[in-house]
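Undergrad: No sequence on hand, only this structure:
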């Protein structure tokens, strides 16, 4: 068991549990292959650049809608684990209000999402700004979806391997017709890490396109899965 390091903890946000980054200790290393470093990176640059250009009109419309409801600020940002679990700032269009109950506590997220926000979430339009992070190399089109920073102490050493590659918009699973557990999701991420290749990314990209138009996915998206993480511990 590693001793808690204040320096390490400060780098990863306000964690309430002891945590030492296994990549900083050498227990785990970043996965590097010619495909990952050169080919995949080139594909990410081309796709993200094209996406940023194509989605400019959409982003303008979403900005105007967000200004109307829920209002300023337009952008919501928070930190999530990136490559080797180094924090990256994720930015999204804000689609939740700051409504509180009679005691001044924020209402549950599902009660604060605006009507338009629900539509944006179902179509994943609230995440269009992530293409900027992909373009600058912080994320990838395909890769394990970055979960919350507070989950880092909960992972086993094996599960920490999901961060040996860049996080992505999604690492689609084969089947979204049933409820998905966090164990299944992380197992899928680890399978991707072990089998990453051009062929695998092509298969995942096809799944991603299907996923965008899958209404069932709206109820099984990452945020819902995140809430169950570690509950069985």
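TA: On my side now, so go ahead. Because the structure is a prediction, the values reported are computed rather than measured.
Undergrad: Sketch out the strands for this protein, chain order is fine.
TA: In the chain, strands defined by DSSP state E lie at 75-81, 87-93, 140-142, 168-170, listed in chain order.
Undergrad: export these to TSV and tack on distance to residue 49 and mean neighbour count?
TA: In this view, the C-beta of every residue, glycine as well, is placed from N, C-alpha and C. Written out in TSV, the entries for the strands of the chain read as follows (distance: least, C-beta to C-beta, whole Å; neighbours: other C-beta atoms under 10 Å):
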stretch	distance to residue 49	mean neighbour count
strand 75-81	21	15
strand 87-93	18	17
strand 140-142	12	24
strand 168-170	15	23
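Undergrad: Turn those into JSON lines, including distance to residue 116 and mean pLDDT.
TA: JSON lines is the format used below for the strands of the chain (distance: least, C-beta to C-beta, whole Å; pLDDT from 0 to 100):
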{"stretch": "strand 75-81", "distance to residue 116": "14", "mean pLDDT": "88"}
{"stretch": "strand 87-93", "distance to residue 116": "10", "mean pLDDT": "89"}
{"stretch": "strand 140-142", "distance to residue 116": "26", "mean pLDDT": "96"}
{"stretch": "strand 168-170", "distance to residue 116": "21", "mean pLDDT": "93"}
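Undergrad: Those strands: which one's closest to residue 148?
TA: The closest of the strands of the chain to residue 148 is strand 75-81. By C-beta to C-beta, the value is 6.9 Å.
Undergrad: which strands and helices sit next to that closest one?
TA: Where contact means 3 or more C-beta pairs under 8 Å, 6 or more residues apart in numbering; DSSP states H and E, strand 75-81 is packed against strand 87-93.
Undergrad: So which other helices or strands are in contact with the strand it packs on?
TA: Using 3+ C-beta pairs under 8 Å, 6+ apart, the elements in contact with strand 87-93 are helix 56-68, strand 75-81, helix 130-135.
Undergrad: Now find how far off-centre stretch 165-184 is within its chain.
TA: A distance of 11 Å separates the centroid of the chain from that of stretch 165-184, by C-alpha atoms, centre = their mean, to the nearest Å.
Undergrad: buried residues in that stretch?
TA: Under the neighbour-count criterion of 16 or more other C-beta atoms under 10 Å, stretch 165-184 has 165, 166, 167, 168, 169, 170, 171, 172, 173, 176, 180, 182 buried.
Undergrad: Does the first one touch residue 193 like I think?
TA: Yes - between residue 165 and residue 193 there is a contact under C-beta atoms under 8 Å: 5.6 Å.
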